[in-house]
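**Student:** Okay, predicted coordinates and the sequence, questions at the end:
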Amino acid sequence: MLLVVTLVPVLLVVLLYVATPDHRDPKLTVDVTIGPRAWPNEASPDARLVPCIILRNPTDAPWQNVNLSINEQYYFYHPDPIPAGGEVVIPLKFFHTKGSTYFHPENQPLTSLTIFAQIPSGARAIAHLKGPELRSTIVPGSPANARSLP
């Protein structure tokens, strides 16, 4: 009897593991440029060049609840929706840890970038850049050099 009581839950867990379909998050299509940009904007009299991430939504649907992560340690939440074809410029110094330590691009390498966004279906779509793929996007902030990620 003890053997049955022990084996039944284990077999049910194995059955659920095998029978449950694998649902992965959809991939987010995003144009990303990393480079200097005028902040707060080019028309501002006190504008200055700062290293930024420039995100563009190349899809025909808006994104909600956009979250970004640098090096899986520094985070930024963009509260406003990004419309189809819209662009957002985020200075790298806006990213911080959960303990409020800010990312300093002059001292720390940018090794990975993860972008999470809620798409119209309600699903969370993800784009992840890492290593050489990310470093190849570090160019002087020209939109012509933007890299499109499937």
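**Tutor:** Alright, I've got the coordinates. Numbers count the residues shown, from 1 in each chain.
**Student:** Alpha carbons of the lengthiest helix in the chain, in CSV - could you do that?
**Tutor:** Counting residues, the longest helix found in the chain (DSSP state H) is helix 2-19. Presented in CSV, the C-alpha positions along helix 2-19 are these (Å, rounded to 0.1, in the frame of the first residue of the first chain):
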residue,chain,number,x,y,z
LEU,A,2,2.9,2.4,0.8
LEU,A,3,4.3,1.7,-2.6
VAL,A,4,1.1,2.7,-4.3
VAL,A,5,0.7,5.9,-2.2
THR,A,6,4.2,6.9,-3.2
LEU,A,7,4.2,6.0,-6.9
VAL,A,8,0.7,7.4,-7.8
PRO,A,9,1.7,11.1,-7.2
VAL,A,10,5.1,10.6,-9.0
LEU,A,11,3.4,9.0,-12.0
LEU,A,12,0.8,11.7,-12.2
VAL,A,13,3.5,14.4,-12.2
VAL,A,14,5.4,12.6,-15.0
LEU,A,15,2.1,12.2,-16.9
LEU,A,16,1.4,15.9,-16.6
TYR,A,17,4.9,16.9,-17.6
VAL,A,18,4.7,14.7,-20.8
ALA,A,19,1.1,15.6,-21.7
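**Student:** packing partners for the helix or strand that that helix is followed by?
**Tutor:** Heading C-terminal from helix 2-19, the first helix or strand you meet, by DSSP states H and E, is strand 30-39. When contacts are defined as 3 or more CB pairs under 8 Å, 6 or more residues apart in numbering; DSSP states H and E, strand 30-39 packs onto strand 48-56, strand 87-91, strand 112-118, strand 124-130, strand 147-149. For glycine as for every other residue, the C-beta is placed from the backbone atoms N, C-alpha and C.
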